[in-house]
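>>> predicted model and sequence below, questions to follow.
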Amino acid sequence: MAFLGGLFSKEKKESLNKGLEKTSGNIFSRLGKALAGKSTVDDDVLDNLEEILVSSDVGINTTLKIIERIQQRVTRDKYLGTAELDRILKEEIAALLTENQSDDVQNFEIPEGKKPYVIMVVGVNGVGKTTTIGKLSAQFKERGKSVVLGAADTFRAAAVDQLKLWGERVGVPVISKGMNTDPSAVAFDTVQEGVKLGADIIIIDTAGRLHTKVNLMNELSKIKRVMQKVIPDAPHEVMLVLDGSTGQNAVIQAREFTKVTEVTALAITKLDGTAKGGVVIGISDEFKIPVKYIGVGEKIGDLQVFNKAEFVDSLFKKQ
């Protein structure tokens with residue numbers, strides 16, 4: 001896993017290393033204990049490795065897949081010792097991510113020929129949805145893109161106010177009708193305004209009330225329909241935001257949201273301060289939906305484009 005220097009700045013790499021250090025430390029400290037006194041990769045070692053991966057929230061099915069691949073390599077190469085286990089583990093996780101991910105997104109680019117490019121953001125309350133939208137807007141703007149935001153999470157006053165604050169902070173317009181208004185009307189007005197202003201990107205914040213799945217499905221379908229009156233192929237992207245620190249809860253949310261709407265991209269937040277960073281691997285493997293962004297800190301620049309090679313490199317960086 002060579003460092004792709006052209007894609008990642010030193011600052012971003014340090015931020016990623018720091019954001020994943022709890023997960024990395026958890027894996028390595030436990031792996032060290034599991035390998036103590038062992039020279040070969042036997043069933044005991046693999047059982048311990050399985051437990052370590054599950055405890056890092058990689059998920060049962062994905063963990064079993066990784067263990068099976070390592071087992072095959074051990075069987076194939078009789079001379080593999082425990083000293084090489086972390087390298088093999090790193091290689092197999094990297095291979096799994098490569099199979100499950102499309103090509104890495106680079107530098108917050110958006111597809112050509114889609115202007116404005118419409119992103120509908122979904123996710124339950126508390127996962128960092130509005131903050132992710134704000135940070136995304138700031139980074140798009142920094143790259144010379146014009147952005148319009150739509151406050152269509154109208155069931156929580158805090159969501160509308162928070163998006164307005166981000167709009168002021170970043171210097172991008174926010175279309176809002178306040179709380180308890182029709183979300184689809186907000187989305188319609190936002191798309192219209194984005195077209196009128198010649199915006200490059202429109203981001204629509206939506207409510208995430210999973211306990212009323214039918215209502216949520218109907219609401220998201222309606223938002224899509226009204227946007228399509230202005231831009232026939234909108235939204236171009238449906239991004240699901242998940243809180244990585246919740247581990248398997250994030251997997252459950254992904255499962256539920258993919259039932260109610262077509263999700264095309266994932267943003268996994270709050271990976272700093274948690275030892276559950278392995279959830280990124282499990283989610284990528286189970287849903288085959290590209291992980292587009294990851295959050296590894298509080299700063300705007302700590303919302304990073306997800307780079308498979310760099311992620312695995314940081315995950316296996318010994319502290």
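Right, received. Where do you want to start? Numbers count the residues shown, from 1 in each chain.
>>> look up how far Gly244 lies from the spatially closest residue to Asp153 that is not a sequence neighbour.
Leaving aside its sequence neighbours, Asp153 sits nearest to Ala159 (Cβ to Cβ, 6 or more residues apart in numbering; 3.9 Å). For glycine as for every other residue, the C-beta is placed from the backbone atoms N, C-alpha and C. From Ala159 over to Gly244 the distance is 21 Å, taken as Cβ to Cβ, to the nearest Å.
>>> tell me which of those two has more neighbours.
Gly244 (28 against 21; other Cβ atoms under 10 Å).
>>> what score does that one have for pLDDT?
According to the prediction, Gly244 has pLDDT 95.
>>> for it, phi and psi?
In terms of degrees, to the nearest 10, the main-chain angles of Gly244 are phi -60, psi -30.
>>> ok, now Gly19?
The phi/psi pair for Gly19 (degrees, to the nearest 10) reads phi -60, psi -30.
>>> residues in contact with stretch 46-62?
Under the contact criterion Cβ atoms under 8 Å, 6 or more residues apart in numbering, stretch 46-62 has outside partners 23, 26-27, 30-31, 34, 63-64, 66-67, 70-71, 85, 89, 96, 247-248, 251, 275-279, 281-283, 285-286.
>>> out of these, list just those in helices.
Counting by DSSP state H, these place 23, 26-27, 30-31, 34, 63-64, 66-67, 70-71, 85, 89, 96, 248, 251, 279, 281-283, 285-286 in helices.
>>> kindly give a single ChimeraX line that selects the buried subset of these.
Per 16 or more other Cβ atoms under 10 Å, the buried members of the ones in helices among the contacts of stretch 46-62 correspond to this ChimeraX selection:
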select :23,26,27,30,31,34,63,66,67,70,85,89,96,251,279,281,282,283,285,286
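>>> could I get the full set of strands for the stretch 1-150 of the chain?
117-122, 147-152 (DSSP state E, counting those that start in this stretch).
>>> please identify the most buried of these.
Most buried of those, by mean neighbour count (mean count of other Cβ atoms under 10 Å): strand 147-152, with a mean of 29.
>>> and the chain, what are its domain boundaries?
As recorded under automatic domain parsing, the domains making up the chain are 10-100, 117-310.
>>> how far off centre is stretch 303-319?
13 Å (Cα atoms, centre = their mean, to the nearest Å).
>>> go on, stretch 234-253?
For stretch 234-253, the distance to the chain centre is 7 Å (Cα atoms, centre = their mean).
>>> tell me which residues of it come out buried.
For stretch 234-253, using 16+ other Cβ under 10 Å, the buried residues are 234-247, 249-251, 253.
>>> could you tell me the end-to-end distance of that stretch?
24 Å (Cα to Cα, to the nearest Å).
>>> next one: stretch 37-51
18 Å.
>>> on that earlier part again, the residue nearest to Asp153 is in what secondary structure piece?
Using DSSP states H and E, Ala159 sits within helix 157-170.
>>> other SSEs contacting that helix?
helix 129-142, strand 147-152, strand 174-175 (3 or more Cβ pairs under 8 Å, 6 or more residues apart in numbering; DSSP states H and E).
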